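**Q** sequence isn't available, so here's the structure alone:
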């Protein structure tokens, strides 16, 4: 009764463009982060700042995303979900266009932080709209495609942006790839996602939301999942944000070659997420979460501490595969923690993920400035191992004795 079920499960058939609209919207929020990971060296050279300082672009944007991920729980009670999705996509376009013409590093930080706000709006609203427009039996499939959009963005975007940047630099990559995708996503959402009749959220909904916060934070296991997810996301930043720069600076590979490493890492992450779902069913959510978080941390710890390019890349790819397994298993584990407050739990989990990503980018940049790449991967890899310990000692898997109550 705290989180009201959708009033009618007998949903009219959604339009043909609803699913593509939601998948493309998830795809569209990824290229900003991909561009910074791939072209961080170039951005730093443009503004005459070290790579570790340039990496703080992502830190600031994730801080903005954390704040708005929490606010979205309130806003979604007050406004139509399509409206919030469209506003998020509009902000995405504004950010892409502004970043392309940013005259200074401070302005780049400001414009890129708008992406963090868009990220916090588009992600949760896309999933909310799945529940609004699709019958229960189709939701898992649609959500699978939406999350697949993350990896597909890296597979397509890495070589495309590497090629465009080779022609005209990172600013052209914003104008020639990031902006057109964001604009297409906005137009598709406007046309393809129907507006719900009304959000009928009120003061009662607000009280339910605040009660959800209390319910989540009073559970030690739920808190452990939030902390473990945050630490794991921080660890993942070593590969996601800094690996391309590492390969370019340490082994002097080209931007095109670095873009291929990101593409392969994205495929490994996607494969790991698929495999993680199967193993979680067989071995249990917690066990797979612990093992995957541990191995992701170990391989993150090790990949920059090797003198051979190919061996270093292999460990980064295995780390990406393990991180993909962890994402699937830990999100499945998190979803089961507080059944009465699932929506609130996942909203806070989104904020925790972004906080972890911000922490990873920030600590990684600081460690890079102080200790070079070896110190950065050791610092962030240790956080991944710490995540595994938190999951093991404090998290429980409620699905062992599941009793479903839908009221």
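**A** In hand now; what should we look at? Computed from a predicted model, the values in this text were never measured in an experiment. Residues are numbered from 1 along each chain as shown.
**Q** pull out the buried residues from whatever helix or strand residue 35 lives in.
**A** According to DSSP states H and E, residue 35 maps onto helix 31-47. Within helix 31-47, the residues that count as buried by 16 or more other CB atoms under 10 Å are 31-44, 46-47. Glycine gets a C-beta too; all of them are placed from N, C-alpha and C.
**Q** next one: stretch 45-60
**A** For stretch 45-60, by 16+ other CB under 10 Å, it's 46-47, 49, 51-60.
**Q** export those to CSV and tack on pLDDT and distance to residue 93?
**A** Listed next are the buried residues of stretch 45-60 as CSV, based on pLDDT from 0 to 100; distance: CB to CB, whole Å:
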residue, pLDDT, distance to residue 93
46, 89, 22
47, 89, 23
49, 84, 26
51, 78, 28
52, 76, 29
53, 82, 27
54, 83, 23
55, 77, 24
56, 80, 24
57, 84, 18
58, 78, 19
59, 77, 23
60, 84, 19
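**Q** tell me the span between the first and last residue of stretch 243-262.
**A** Using CA to CA, to the nearest Å, one end of stretch 243-262 lies 8 Å from the other.
**Q** figure out how far it is from the centre of its chain.
**A** Centroid separation for stretch 243-262 versus its chain: 22 Å, with CA atoms, centre = their mean, to the nearest Å.
**Q** and stretch 94-111, by the same measure?
**A** 21 Å.
**Q** show me the contact partners of it.
**A** Around stretch 94-111, the neighbours that count as contacts under CB atoms under 8 Å, 6 or more residues apart in numbering are 32, 43, 47, 49, 53-54, 56-57, 60, 112, 114-115, 118, 171-172, 174-175, 178-179, 182.
**Q** and with 7 Å instead?
**A** With contacts defined as CB atoms under 7 Å, 6 or more residues apart in numbering, stretch 94-111 is touched by 32, 47, 49, 57, 60, 112, 114-115, 118, 171, 174-175, 178-179, 182.
**Q** repeat for stretch 31-42
**A** 43, 51, 54-55, 57-58, 95, 112, 115, 153-154, 157-158, 161-162, 165, 169-170, 173-174, 177-178, 181, 240-241, 244-245, 248-249, 258-259, 262.
**Q** same thing but 8 Å
**A** For stretch 31-42, using CB under 8 Å, 6+ apart, the contacting residues are 43, 51, 54-55, 57-58, 61, 92, 95-96, 99, 112, 115, 153-154, 157-158, 161-162, 165, 169-170, 173-174, 177-178, 181-182, 240-245, 248-249, 255, 258-259, 262.
**Q** ok, of those residues, which come out buried?
**A** 43, 51, 54-55, 57-58, 61, 92, 95-96, 99, 112, 115, 153-154, 157-158, 161-162, 165, 170, 173-174, 177-178, 181-182, 240-245, 248-249, 255, 258-259, 262.
**Q** low-confidence regions, the stretch 151-300 of the chain specifically.
**A** Within the stretch 151-300 of the chain, the ranges that satisfy pLDDT under 70 run 196-209, 212, 277.
**Q** what pLDDT does residue 402 get?
**A** In this model, residue 402 is scored at 50, pLDDT.
**Q** domain parsing for the chain?
**A** If you go by automatic domain parsing, the domain ranges for the chain are 16-193, 218-400.
**Q** any chance of these in JSON lines with distance to residue 211 as columns?
**A** Below are those laid out as JSON lines (distance: least, CB to CB, whole Å):
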{"stretch": "domain 16-193", "distance to residue 211": "12"}
{"stretch": "domain 218-400", "distance to residue 211": "8"}
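**Q** endpoints of stretch 47-63, how far apart?
**A** So stretch 47-63: terminal residues 22 Å apart, CA to CA.
**Q** kindly report the same for stretch 275-292.
**A** Stretch 275-292 has an end-to-end distance of 11 Å (CA to CA).
**Q** buried sites along that stretch?
**A** For stretch 275-292, by 16+ other CB under 10 Å, it's 275-277, 279-280, 284-292.
**Q** need those in CSV with distance to residue 311 and secondary structure, can you?
**A** Listed next are these as CSV, based on distance: CB to CB, whole Å; DSSP: H, G, I helix; E, B strand; the rest coil:
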residue, distance to residue 311, secondary structure
275, 23, helix
276, 25, helix
277, 29, helix
279, 26, helix
280, 30, helix
284, 33, coil
285, 32, helix
286, 32, helix
287, 29, helix
288, 26, helix
289, 27, helix
290, 26, helix
291, 23, helix
292, 22, helix
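**Q** now do the helices in the stretch 201-350 of the chain.
**A** For the stretch 201-350 of the chain, the helices defined by DSSP state H, counting those that start in this stretch cover 203-217, 220-240, 243-250, 255-283, 285-303, 309-335, 342-394.
**Q** need the contact partners of the shortest one.
**A** Read that as helix 243-250. 37-38, 40-41, 51, 253-255, 257-259, 261-262, 265, 303-304, 309, 312-313, 316, 373.
**Q** swap in 7 Å and give it another go.
**A** Here helix 243-250 has contacts from 37-38, 40-41, 51, 253, 255, 258, 261-262, 304, 316, 373, using CB under 7 Å, 6+ apart.
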